[in-house]
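**Q** With the sequence up front, the predicted model follows.
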Amino acid sequence: MDINERIARRLIQLREERGLTIEDLANRSAVSRAMISRIERAESSPSATVLNKLSIGLGVLLPSLLGATGYREPRLQLRNPVASRRGQAEWQDPSTGYRRRTLTPTTANHAMQLSEVHFPGRATVTFDSATGSGARQQLWMLRGQLEIRIGDEFTTISAGDCMAMTLDRAITFHNRGSKEARYLIAVMPSA
């Protein structure tokens with residue numbers, strides 16, 4: 001199953017678990033009904049911005065929308081699960097080339113979600129944030145440099161830097177350089 005089919009199934013599952021119609025989710029996420037319908041039919045590869053808006057509308061962290069892979073591993077059923085590289089969901093933003101791989105095992109009973117991101121040179125991605133969501137995120141730069149704007153605050157982080165942030169305002173990531181940046185993100189929902 002490809003990533004668009006996994007996203008489609010996961011979006012339907014999360015929407016139905018919450019008793020939401022497509023129209024309800026459209027109103028909560030500011031994503032059009034037509035776009036949600038195309039995503040649920042796996043006819044569209046959503047951008048990072050659209051996935052983020054949908055996650056806010058559903059009240060989940062963005063990696064939750066990537067869903068589990070169809071690859072079944074016995075190690076995922078352990079008390080201390082292991083997700084092999086093959087079993088980690090990877091998604092690429094069709095408009096920027098931004099790639100995100102969910103590292104946390106899908107069966108882990110942990111609130112924290114760990115992801116690896118490859119951020120193309122000259123790319124910019126903005127994520128809206130649910131007012132008062134209060135999720136916390138730490139970003140550890142492995143390679144390259146990023147400019148990050150959170151609300152009115154602006155900072156630049158380089159390889160080796162680790163930034164802690166609260167996801168309660170819009171965040172814009174910009175790679176001013178021509179080479180890809182790479183970083184790890186750990187996200188915890190609000191308490």
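**A** Perfect, thanks for sending it.

**Q** Does the closest residue to residue 179 other than its chain neighbours belong to a helix, a strand or coil?
**A** Nearest residue to residue 179, sequence neighbours excluded (Cβ to Cβ, 6 or more residues apart in numbering): residue 121, at 5.2 Å. In short, each C-beta sits where N, CA and C put it, glycine included. Three-state call for residue 121 (DSSP: H, G, I helix; E, B strand; the rest coil): coil.

**Q** per-residue confidence for residue 121?
**A** Residue 121 is assigned a predicted lDDT (pLDDT) of 98.

**Q** What is the burial count for it?
**A** Residue 121: 13 surrounding residues under other Cβ atoms under 10 Å.

**Q** Could I get the contacting residues of it?
**A** Going by Cβ atoms under 8 Å, 6 or more residues apart in numbering, residue 121 touches 175, 177, 178, 179, 180, 181.

**Q** List the buried residues in the longest helix seen in the chain.
**A** When the chain is parsed with DSSP state H, its longest helix is helix 3-17. Judged by neighbour count (16 or more other Cβ atoms under 10 Å), helix 3-17 contains these buried residues: 3, 4, 6, 7, 8, 9, 10, 11, 14, 15.

**Q** Also stretch 156-167?
**A** For stretch 156-167, a neighbour-count test (16+ other Cβ under 10 Å) marks 157, 163, 165, 167 as buried.

**Q** just stretch 99-109 next, same as before
**A** Across stretch 99-109, burial judged by 16+ other Cβ under 10 Å covers 99, 100, 101, 102, 103, 104, 105, 106.

**Q** where does the most centrally placed residue in the chain sit relative to residue 84, distance-wise?
**A** By Cα atoms, centre = their mean, the chain has its centre lying nearest to residue 62, at 3.4 Å. Distance, residue 62 to residue 84, by Cβ to Cβ, to the nearest Å: 22 Å.

**Q** picking that back up, which pair in the contacts of residue 121 spans the largest distance?
**A** Greatest spacing in the contacts of residue 121, by Cβ to Cβ: 178 and 181 (10.7 Å).

**Q** Sketch out the low-pLDDT regions of this structure for me.
**A** Within the chain, the segments meeting pLDDT under 70 span 1, 67-74, 130-133, 191.

**Q** any idea where the strands of it begin and end?
**A** Remark: strands assigned in the chain by DSSP state E are 90-92, 99-102, 113-119, 124-127, 135-143, 145-150, 153-158, 162-167, 171-174, 181-188.

**Q** which residues touch the residue nearest to residue 183 when sequence neighbours are not counted?
**A** Leaving aside its sequence neighbours, residue 183 sits nearest to residue 141 (Cβ to Cβ, 6+ apart; 4.9 Å). With contacts defined as Cβ under 8 Å, 6+ apart, the neighbours of residue 141 are 157, 158, 159, 160, 161, 162, 181, 182, 183.

**Q** That concludes my questions; thank you for your assistance.
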